[in-house]
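Participant: Predicted model and sequence follow; I will ask about them next.
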Amino acid sequence: MSESEIETMIKYPNEERYLEFKRSIKWDGDIRAKITKSIMALANLRDGGWVVIGKEEQQDRSFKLAGMTQEDYDSFDSDNVKAYVYERAQPPVVFEVIKKEYDNKKFVLIRVKEFDDIPVICKKGYDDILHAGNIYVRSKNKPESIAVPGDTEMREIIEIAIDKGVSKFVQRLQRTGIWAPKVETPTSDDEEEFKKQRADLL
Amino acid sequence: MTEAIPTVKETVDKIKSRGFWEVIIRPLKFNKDRIKSLSECIELILENKVRLRGWDYPHTSNKYGIKSGTDWIENLTDWSDHKEYWRMYRSGQFFHLFGCREDWWGEVRIFWSQQSHTTPGYGLSIMSTLYTLTEIYEFAARLAKRGIFDDFLRVSITLNGTKNRRLVTLEINRSLNDNYICNIENIPLSRIISPEEIIGKGYVFAIDDTLNIFERFNWFNAPRKVLEEEQDKFMKGNL
């Protein structure tokens, strides 16, 4: 991950489905469970996502690059965070904890990778925040992490898993030479029609 | 004070004022009603965009919002070094213009603005080129999986504003031994492929196109193996 991509995530003006902002917080108590929930939800999203800690929401709903206190910043020890999350997520989530100073302020970024083959399920609960057996996802309506609320979200996760399977299968067939896609030259191309469609932009 | 939202024309003009990429992904056969509705066009973009390096391809700006025309939807972005405009038509034609980020780095990054290779028109980042092409082909593959292309699709990519531009490497651990400079104004690349091909080996086309571009910069022996390794890391999110 290049410096410029990390900077982009820090400076990005608003939350997105794949991007969650948090003010300066300490890796402790309930916060650990809340962040773990976000990490699991982001792992179940196509291409994964990010948690950026050190951004403060203002009254007008914009986010200020406030940074983190030294104590909060120091509390995010990568090994501790990983140990806590691994204990609660199955299969294990792949993520990294990045510490970054920007504009003389401290930020912690957690970059989460999309699940590999099987969606991530919570295997160990915590109070009322995490429940064993739940699958967490990012809400489509607002940037928050929630247990799968309905069939649409469940279908989305299943589609990601199927897509991955299809890609791997097709790639394997082509690599091994068992199956080669058709290579015949198409007879016609409606280039002019498509060109006309975008004429106002040329 | 509310920041003014640029118009499409302002954004397109701004993108074209410096080096820029133009991408068209479309079926071969024209059918203006190929995609049932504009809502389905929105869903196609949002559910298939590619996000391998934080920033997504194509990006959808909430500030501008997705707007509709007669038979298309559009979105624009003018934020930091990201200048983009895209349209998705109900015919299945996806049109995307975006600025070479290298040409806008000087204005947004204080640290880099001192370096000569952030001067507009100066450089083309080797790795960023590979990543951009990988994102384009991955996006096309994801659309192909949704079955919108019939038998064949065309992917056309043009890199504009390349004359006198040179290849640059921004990674601390990499360097180029020679100056590789382009002598032509733009580099057009186009291929017709089947959905099965793009799903199965879109990543190979991305490497091929990367090498094609580098050849136009007179770099004829770029190490394919190194690019493949970098691409593999990129696609697995291991950068």
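Facilitator: Sure, I can see it.

Participant: So which residues of chain A form helices?
Facilitator: A:3-11, A:29-43, A:70-75, A:78-88, A:151-176, A:191-197 (DSSP state H).

Participant: Summarise which helices and strands the fifth one is packed against.
Facilitator: By that I understand helix A:151-176. strand A:136-138, helix B:126-145, helix B:195-216 (3 or more CB pairs under 8 Å, 6 or more residues apart in numbering or on different chains; DSSP states H and E). Glycine gets a C-beta too; all of them are placed from N, C-alpha and C.

Participant: The first one and chain B, are they touching?
Facilitator: No: between strand A:136-138 and chain B, judged by CB under 8 Å from any CB of the partner chain, nothing touches; the nearest distance is 12.3 Å.

Participant: Can you redo the helices and strands packed on helix A:151-176 as JSON lines, where the extra columns are distance to A:Ile162 and mean pLDDT?
Facilitator: What follows is these, written out as JSON lines (distance: least, CB to CB, whole Å; pLDDT from 0 to 100):
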{"stretch": "strand A:136-138", "distance to A:Ile162": "16", "mean pLDDT": "95"}
{"stretch": "helix B:126-145", "distance to A:Ile162": "9", "mean pLDDT": "96"}
{"stretch": "helix B:195-216", "distance to A:Ile162": "13", "mean pLDDT": "95"}
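
Participant: closest one to A:Lys168 among these?
Facilitator: helix B:195-216 (10.0 Å; CB to CB).

Participant: Could I get the buried residue list for the closest one?
Facilitator: Using 16 or more other CB atoms under 10 Å in any protein chain shown as the test for burial, helix B:195-216 gives B:195-211, B:213-214, B:216.

Participant: near chain A too, which of those residues?
Facilitator: Applying CB under 8 Å from any CB to the buried residues of helix B:195-216, those adjacent to chain A are B:196-197, B:199-201.

Participant: Nearest residue to the middle of chain B?
Facilitator: In chain B, the centroid-proximal residue (CA atoms, centre = their mean) is B:Thr132; its distance is 4.9 Å.

Participant: Next: chain A.
Facilitator: Geometric centre of chain A, nearest residue: A:Gly49, 2.0 Å, by CA atoms, centre = their mean.

Participant: can I assume that one is in contact with A:Glu20?
Facilitator: Yes: in this structure A:Gly49 lies within contact range of A:Glu20 using CB atoms under 8 Å: 7.3 Å.

Participant: Mind listing the shared neighbours of the two?
Facilitator: A:Leu42 (CB atoms under 8 Å, 6 or more residues apart in numbering or on different chains).

Participant: and the gap between the residue lying closest to B:Gly99 once chain neighbours are set aside and B:Arg166?
Facilitator: Closest residue to B:Gly99 apart from its sequence neighbours, by CB to CB, 6 or more residues apart in numbering or on different chains: B:Lys83 at 3.7 Å. Per CB to CB, to the nearest Å, B:Lys83 is found 21 Å from B:Arg166.

Participant: Output the helix or strand of chain B with the lowest mean pLDDT as CSV, restricted to C-alpha atoms.
Facilitator: The helix or strand of chain B with the poorest confidence is helix B:105-108; it has a mean of 78 (mean pLDDT, DSSP states H and E). Presented in CSV, the C-alpha positions along helix B:105-108 are these (Å, rounded to 0.1, in the frame of the first residue of the first chain):
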residue,chain,number,x,y,z
TRP,B,105,0.2,15.3,-7.6
GLY,B,106,2.2,18.5,-7.5
GLU,B,107,-0.9,20.5,-6.4
VAL,B,108,-2.1,18.3,-3.7
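
Participant: buried ones in that helix?
Facilitator: Using 16+ other CB under 10 Å as the test for burial, helix B:105-108 gives B:105-106, B:108.

Participant: and the angle for the helix or strand of chain A with the lowest mean pLDDT with helix B:195-216?
Facilitator: In chain A, no helix or strand scores lower on mean pLDDT, DSSP H and E than helix A:151-176, which sits at a mean of 85. Helix A:151-176 runs at 70 degrees relative to helix B:195-216, counting by axes from the mean of the first three to the mean of the last three CA atoms, to 10 degrees.

Participant: and helix A:151-176, how far from the chain's centre?
Facilitator: In terms of CA atoms, centre = their mean, to the nearest Å, the centre of helix A:151-176 is set 18 Å apart from its chain centre.

Participant: now the angle from that helix to helix B:126-145?
Facilitator: 110 degrees.

Participant: buried ones in helix A:151-176?
Facilitator: By neighbour count on 16+ other CB under 10 Å, the buried set for helix A:151-176 is A:153, A:156-157, A:160, A:163-164, A:167, A:170-171, A:174.

Participant: Ok, stretch A:135-154 next?
Facilitator: Under the neighbour-count criterion of 16+ other CB under 10 Å, stretch A:135-154 has A:135-138, A:143, A:145, A:148, A:153 buried.

Participant: Closest to chain B out of the residues you listed?
Facilitator: A:Pro143 (10.6 Å; CB to the nearest CB).

Participant: could you list every residue that touches the closest one?
Facilitator: Per CB under 8 Å, 6+ apart, neighbours of A:Pro143: A:15-17, A:19-20.

Participant: between those residues, which is closest to B:Ile42?
Facilitator: Of all the contacts of A:Pro143, A:Arg17 has the smallest distance to B:Ile42: 13.9 Å, by CB to CB.

Participant: What pLDDT does the model give the closest one?
Facilitator: With respect to pLDDT, A:Arg17 scores 92.

Participant: repeat for B:Asn62
Facilitator: Note on B:Asn62: pLDDT of 87.
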